[in-house]
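**Student:** Dropping a prediction and its sequence here:
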Protein chains: 2
Amino acid sequence: MLTAQQIVETLASQIAPLDANLLTQARAHLDNLTKPVGSLGRLEDIAAQLFAIREGDLSRPLSRSVYVFAADHGITAEGVSAYPAEVTRQMVLNFLSGGAAINVLARLNHAEINVVDIGVDADLSEHAGLLQHKVRRGTRNMLREPAMSYEEITAALSAGIELAEIALAKGNNLIAIGEMGIGNTTAASTITAALTGKPAALVTGKGTGLDEAAHAHKCRVVEAVVELHRRENSSGNALEILRRVGGLEIAAMAGMILGAAQHKIAVIADGFISTAAAAIACTLVPNARAYLFAGHQSEEPGHRILLKHLGIQPVLSLNMRLGEGTGAVLAMPVIEAAINLYREMATFASAGISGATE
Amino acid sequence: MLTAQQIVETLASQIAPLDANLLTQARAHLDNLTKPVGSLGRLEDIAAQLFAIREGDLSRPLSRSVYVFAADHGITAEGVSAYPAEVTRQMVLNFLSGGAAINVLARLNHAEINVVDIGVDADLSEHAGLLQHKVRRGTRNMLREPAMSYEEITAALSAGIELAEIALAKGNNLIAIGEMGIGNTTAASTITAALTGKPAALVTGKGTGLDEAAHAHKCRVVEAVVELHRRENSSGNALEILRRVGGLEIAAMAGMILGAAQHKIAVIADGFISTAAAAIACTLVPNARAYLFAGHQSEEPGHRILLKHLGIQPVLSLNMRLGEGTGAVLAMPVIEAAINLYREMATFASAGISGATE
């Protein structure tokens, strides 16, 4: 069996940078459209990036999908969340019955919803609508030991890569990545601290709604976890960060992001947790960043730090902090708008419009 | 014939504040949905505001429309724009043939597009698809005299109010307000300076793309215009600001915003120019603000100042500076998402999900 490191190395050799000529060609086309140069702002950046990702062909209709990865976290034993851990399982059932926020947004935006059990601490094997990829019933408590074994991180990464292959086979060309997992903002905070070197107090937020005292406790837990594993992973290897202080859903999302980049599928990260997965993926394979969009800027303070670390500007900024892929799916209409503007607007010449005076 | 002042006073008596009980009821419903309290951020604010605007009934489907008001500006004689004035007429023809950015976005978002000639400096009377409300072929040069006469501002305001009545008759419940008019960022800047007291240098941007020298010249023109009319309108009356340093499209947009508020139709302002119209409307009738959304934050520096002055947060922030209603229509899917989340999400009780621990 391949190790996680070998899997990543194989992917790295297959993820190509965007073709600079295509980016130039996209900019030239955008500058000919009937609007002042650059006046569509970020929409022009989005259109150019997609034009290059899709190798110069924006004519194929969007095929949208959202993947929601659910898993539990051993660190919840330390009292880091406002909600009990069983809410992970309960929310998975809510996703399957169509009542969660992500269901509403996926319906509205014509995105197929895929719910993945990658590590929920419950037996959900009888649910036919659920993609069954459970690696383990929740991670280990990372305050005591690494969150995952070497086998577990490999299995979780591989599940994400496999889902990217399925998405490719389905014809998906725009994928949103979301998650559900009580305790997973704590894992995202520890990853952020480990990747960026920022102190726990800056990267740790209130999650689903902690009060001041509980937030202070969460900060201390994050600090202790980071401290423990920094000693044992002094080189700062990103896969080892993921294994020690990550989560099964974070590993699977990192795998899916890399798999999507390999297949030239555009990926939209959601909030803090999926962006932590993206940050791991882009540390492992810097070329993957070109296939990535950030759906929104969430309320979690560590999310802003990670987006800056990645050098990616979020599409939306609506003070959300829900996860599930909600912010990523909500960005889909903006991305669709960017494509349609690119494809459908008249040019100065075709519309007979005067240019700017020099 | 009624004066503009009398028209506004009549409207003011008919624009009701939102019902505080409905806002409270909306918040209670949102807090019962299967998500942490407040975790949908701005989407919750949008949903609550719309619930109150629509008097507690979000069940009627959205009926979307965008109104694009086109007019020319006498101030273009002073060399304040990167584009020649005939581009206003050319772009109106582009709107009518479906090739402009707003056409693409309106099609994508199921918004009916209405193009209004309120003051284009050209004979466009033969164009059947154009709403014919021309008051005058462009405003006067406000560096020399007031932009409009008393009769002209009354006619432009009245046209906007009449269009709101037509929108009501059509069943529109979500209206975007946009414009096209070479020179109109200069008018928006003078209005902003006059309403807020900010210096010309802070409220004057590069419009469609001025270079440094041309921008410095535009700042001097704005300063001189504001200075001239401040002397002659020392009380700072908002209607008189609009008449002296506004534009025909700005007056019509202000009228339509007030008319929409009167009929409890939600209105989305677009960029700097339509927000200048909204600022005038809300100065005249403060209750109108409750019916207003800001579609986006544009690149024009004065836009940020006006939004802060109005106390309204923009839905999107994509570095756009195009006008035409593009930023307003682009915000429609976010508003639709807020409504659907409000209506379709499961509650904690219905989904059997545990609440937060205390």
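**Tutor:** Yes, it's here.

**Student:** List the residues that contact the closest residue to chain B within the stretch 251-358 of chain A.
**Tutor:** Residue nearest to chain B within the stretch 251-358 of chain A: residue A:346 (2.8 Å; CB to the nearest CB). All C-beta spots, glycine's among them, are computed from the backbone N, C-alpha and C. Counting by CB atoms under 8 Å, 6 or more residues apart in numbering or on different chains, residue A:346 touches A:33, A:34, B:94, B:97, B:99, B:100.

**Student:** Just the buried residues of those residues.
**Tutor:** A:33, A:34, B:94, B:99, B:100 (16 or more other CB atoms under 10 Å in any protein chain shown).

**Student:** State the distance from the residue of the stretch 251-358 of chain A closest to chain B to residue B:90.
**Tutor:** Residue A:346 sits at a distance of 11 Å from residue B:90 (criterion: CB to CB, to the nearest Å).

**Student:** With residue A:106 instead?
**Tutor:** Taking CB to CB, one finds residue A:106 at 41 Å from residue B:90.

**Student:** The two: which is more packed in?
**Tutor:** residue A:106 (27 against 19; other CB atoms under 10 Å in any protein chain shown).

**Student:** neighbours of the nearest residue to the more buried one once chain neighbours are set aside, just the number please.
**Tutor:** Spatially, and ignoring its direct neighbours in sequence, residue A:106 is nearest to residue A:113 (4.3 Å; CB to CB, 6 or more residues apart in numbering or on different chains). Counted with other CB under 10 Å, residues neighbouring residue A:113 total 23.

**Student:** Would it be right to say that residue A:113 lies in a strand?
**Tutor:** Yes: counting by DSSP: H, G, I helix; E, B strand; the rest coil, residue A:113 is found in a strand.

**Student:** Is it in contact with residue A:68, as I believe?
**Tutor:** Yes: Residue A:113 sits in contact with residue A:68 when judged by CB atoms under 8 Å, with a separation of 6.8 Å.

**Student:** show me the contacts for whichever residue of the stretch 101-250 of chain A sits closest to chain B.
**Tutor:** Proximity of the stretch 101-250 of chain A to chain B (CB to the nearest CB) peaks at residue A:208, 3.9 Å away. Residues near residue A:208 by CB under 8 Å, 6+ apart: A:81, A:82, A:83, A:182, A:185, A:321, B:36, B:39, B:356.

**Student:** Repeat the analysis, applying 7 Å as the threshold.
**Tutor:** Going by CB atoms under 7 Å, 6 or more residues apart in numbering or on different chains, residue A:208 touches A:81, A:82, A:83, B:36, B:39, B:356.

**Student:** Please report the distance of the third one from chain B.
**Tutor:** Right, residue A:83. The gap separating residue A:83 from chain B is 5 Å, by CB to the nearest CB, to the nearest Å.

**Student:** Residue A:34 is in contact with residue A:351, correct?
**Tutor:** Yes: when contacts are counted by CB atoms under 7 Å, residue A:351 is listed as touching residue A:34 (5.1 Å).

**Student:** can you give me the strands in the stretch 1-150 of chain A?
**Tutor:** Secondary structure of the stretch 1-150 of chain A, counting by DSSP state E, counting those that start in this stretch: strands at A:64-71, A:111-119, A:131-132.

**Student:** So which other helices or strands are in contact with the shortest one?
**Tutor:** Other elements packing on strand A:131-132 under the criterion 3 or more CB pairs under 7 Å, 6 or more residues apart in numbering or on different chains; DSSP states H and E are strand A:111-119.

**Student:** Quick check: phi and psi on residue A:339?
**Tutor:** phi -70, psi -50 (degrees, to the nearest 10).

**Student:** what number of residues lie near it?
**Tutor:** By other CB under 10 Å, the residues close to residue A:339 number 22.

**Student:** what's near enough to touch the closest residue to it other than its chain neighbours?
**Tutor:** Closest residue to residue A:339 apart from its sequence neighbours, by CB to CB, 6+ apart: residue A:58 at 5.4 Å. Residues near residue A:58 by CB under 7 Å, 6+ apart: A:50, A:51, A:339, A:342, A:343.

**Student:** The last one - how many residues pack around it?
**Tutor:** Which is residue A:343. So residue A:343, with other CB under 10 Å, has 13 neighbours.

**Student:** do the second one as well
**Tutor:** If you count neighbours by other CB under 10 Å, residue A:51 ends up with 25.

**Student:** Got the confidence number for it?
**Tutor:** At residue A:51, the model reports a pLDDT of 98.

**Student:** got the contact list for it?
**Tutor:** Contacts of residue A:51 (CB under 7 Å, 6+ apart): A:22, A:26, A:58, A:342.

**Student:** Does residue A:268 lie in a helix or a strand, and which?
**Tutor:** Using DSSP states H and E, residue A:268 falls within strand A:266-269.

**Student:** Check which helices and strands that strand sits against.
**Tutor:** strand A:174-180, strand A:292-296.

**Student:** okay, these, which one's buried deepest?
**Tutor:** strand A:174-180 (a mean of 30; mean count of other CB atoms under 10 Å in any protein chain shown).

**Student:** Quickly run through the sheet partners of that one, with directions.
**Tutor:** strand A:64-71 (parallel), strand A:266-269 (parallel) (DSSP bridges).

**Student:** Tell me which of those strands lies nearest to residue A:190.
**Tutor:** Counting by CB to CB, residue A:190 lies closest to strand A:64-71 out of those; the figure is 15.1 Å.

**Student:** Give me the phi and psi for the residue of the stretch 251-358 of chain A closest to chain B.
**Tutor:** Residue torsions, per degrees, to the nearest 10, at residue A:346 are phi -70, psi 160.

**Student:** Can you tell me how far it is from residue B:287?
**Tutor:** Distance from residue A:346 to residue B:287, by CB to CB: 41 Å.

**Student:** again, but for residue A:225
**Tutor:** Residue A:225 is 53 Å from residue B:287, by CB to CB.

**Student:** One more: residue A:43?
**Tutor:** 34 Å.

**Student:** Mind checking which of the two has more residues around it?
**Tutor:** More crowded of residue A:43 and residue B:287, by other CB under 10 Å: residue A:43, with 27 against 17.

**Student:** Run through the residues that contact the more buried one.
**Tutor:** So residue A:43 contacts A:337, A:338, A:341, B:318, B:320 (CB under 7 Å, 6+ apart).

**Student:** Residue A:42 too?
**Tutor:** A:313, B:318, B:319 are the contacts of residue A:42 under CB under 7 Å, 6+ apart.

**Student:** and the stretch 151-300 of chain A, which residues reach chain B?
**Tutor:** Residues of the stretch 151-300 of chain A lying close to chain B (CB under 7 Å from any CB of the partner chain) are A:208, A:209, A:299.

**Student:** Restricted to strands, list those residues.
**Tutor:** Among those, no member falls in strands (DSSP state E).

**Student:** so can I have a markdown table of those residues showing pLDDT?
**Tutor:** Listed next are these as a markdown table, based on pLDDT from 0 to 100:
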| residue | pLDDT |
| --- | --- |
| A:208 | 88 |
| A:209 | 90 |
| A:299 | 94 |
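
**Student:** ok, so of the residues you listed, who is nearest residue B:275?
**Tutor:** For these, the nearest to residue B:275 is residue A:299 (25.8 Å; CB to CB).

**Student:** rewinding a little: so what sits against both of residue A:351 and residue A:34?
**Tutor:** B:94, B:99.

**Student:** surely residue A:335 meets residue A:47?
**Tutor:** No: using CB under 7 Å, residue A:335 is not in contact with residue A:47; the gap is 8.8 Å.

**Student:** between those two, who's got more neighbours?
**Tutor:** Set side by side, residue A:335 and residue A:47 show more neighbours around residue A:47, with 25 against 22, by other CB under 10 Å.

**Student:** check contacts around the more buried one.
**Tutor:** A:26, A:30, A:338, A:339, A:341, A:342.

**Student:** Save these as JSON lines, and put in pLDDT too.
**Tutor:** Output for the contacts of residue A:47, formatted as JSON lines (pLDDT from 0 to 100):
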{"residue": "A:26", "pLDDT": "98"}
{"residue": "A:30", "pLDDT": "98"}
{"residue": "A:338", "pLDDT": "98"}
{"residue": "A:339", "pLDDT": "98"}
{"residue": "A:341", "pLDDT": "98"}
{"residue": "A:342", "pLDDT": "98"}
